[in-house]
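*Asks:* when you get a sec, could you give me coordinates for this:
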Amino acid sequence: MTELLVLAIALSMDAFAVAIGLGSRHQEHTGRLALSTGLYFGLFQGAMPVVGYLAGLGLAGLITAIDHWVAFALLSIIGGKMLYESLGEPIEEDICHLSHRVLLTLAIATSIDAMAAGFTLTLMSTGLWLSVISIGLVTFLFSYAGVFIGARSGIWLEKKAEVLGGVVLILIGVKILIEHTLLS
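*Replies:* Residues are numbered from 1 along each chain as shown. Now for the predicted structure:
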């Protein structure tokens, strides 16, 4: 359960960083923006791992001997991508008008990583639905809070959240690899 919570927090860091950026740039109607952002990001972040999980089940028979290496590679790539993105400009930099279409696009963009991470859920002892609900709920809470944090503090936390998320995902990948190679 602890591993699931850590995974959920790490996956939510992308959405949290974007929410901070949105809050810092759109300080009017913060409560409504926070709720919309939390719902969009939480829903997609929770749903996308199902796609990855189902793909992982479909491939499980084919890659059982190397599934830990695949999980390590996917989490390392996702974590590395988050670290790389923390060096660049935020994706919401040029967004002036926030519509449902824009929030939907941002929700999909921030949840693609969760789809890839969903593959690793086949290697965890928690059930799929508990994982999906946990990831979605944690992302909702972080995104909701991120808008308020951004509205009050600006964007200085944005990059730090992405770095933290990236490092944690890489560490989870290393943990899976160690557990399946050295401890089995």
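*Asks:* helix or strand: which one has F148?
*Replies:* For F148, the element it lies in under DSSP states H and E is helix 128-153.
*Asks:* pLDDT of that helix, averaged?
*Replies:* In this model, helix 128-153 has a mean pLDDT of 92.
*Asks:* what residues of it count as buried?
*Replies:* For helix 128-153, a neighbour-count test (16 or more other C-beta atoms under 10 Å) marks 128, 131-132, 134-151 as buried. Backbone N, C-alpha and C define where each C-beta goes, glycine included.
*Asks:* just checking, what packs against it?
*Replies:* helix 2-25, helix 30-63 (3 or more C-beta pairs under 8 Å, 6 or more residues apart in numbering; DSSP states H and E).
*Asks:* report the angle between that helix and helix 2-25.
*Replies:* With axes from the mean of the first three to the mean of the last three C-alpha atoms, to 10 degrees defining the directions, helix 128-153 sits at 30 degrees from helix 2-25.
*Asks:* and the very next helix or strand once past helix 128-153 with helix 128-153, angle?
*Replies:* Counting by DSSP H and E, the next helix or strand C-terminal to helix 128-153 is helix 158-181. In terms of direction (the same axes, to 10 degrees), helix 158-181 departs from helix 128-153 by 160 degrees.
*Asks:* show me which residues of helix 158-181 are buried.
*Replies:* By 16+ other C-beta under 10 Å, the buried positions in helix 158-181 come out as 158-159, 161-170, 172-173, 176-177, 180.
*Asks:* what do you get for stretch 110-128?
*Replies:* 110-124, 128.
*Asks:* would you mind writing the CA trace of that stretch as CSV?
*Replies:* C-alpha atoms of stretch 110-128 as CSV (Å, rounded to 0.1, in the frame of the first residue of the first chain):
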residue,chain,number,x,y,z
THR,A,110,-0.2,15.0,-18.0
SER,A,111,-1.7,11.5,-17.8
ILE,A,112,0.1,9.8,-20.7
ASP,A,113,2.8,8.9,-18.2
ALA,A,114,0.2,7.2,-16.0
MET,A,115,-0.8,5.0,-18.9
ALA,A,116,2.8,3.7,-19.2
ALA,A,117,3.1,3.3,-15.5
GLY,A,118,-0.1,1.3,-15.5
PHE,A,119,1.9,-1.6,-16.9
THR,A,120,3.8,-1.8,-13.6
LEU,A,121,0.6,-2.2,-11.7
THR,A,122,0.6,-5.9,-12.8
LEU,A,123,3.7,-6.3,-10.7
MET,A,124,2.3,-4.8,-7.5
SER,A,125,0.2,-6.6,-5.0
THR,A,126,-2.6,-4.0,-4.8
GLY,A,127,-5.6,-4.5,-6.9
LEU,A,128,-6.3,-2.6,-10.1
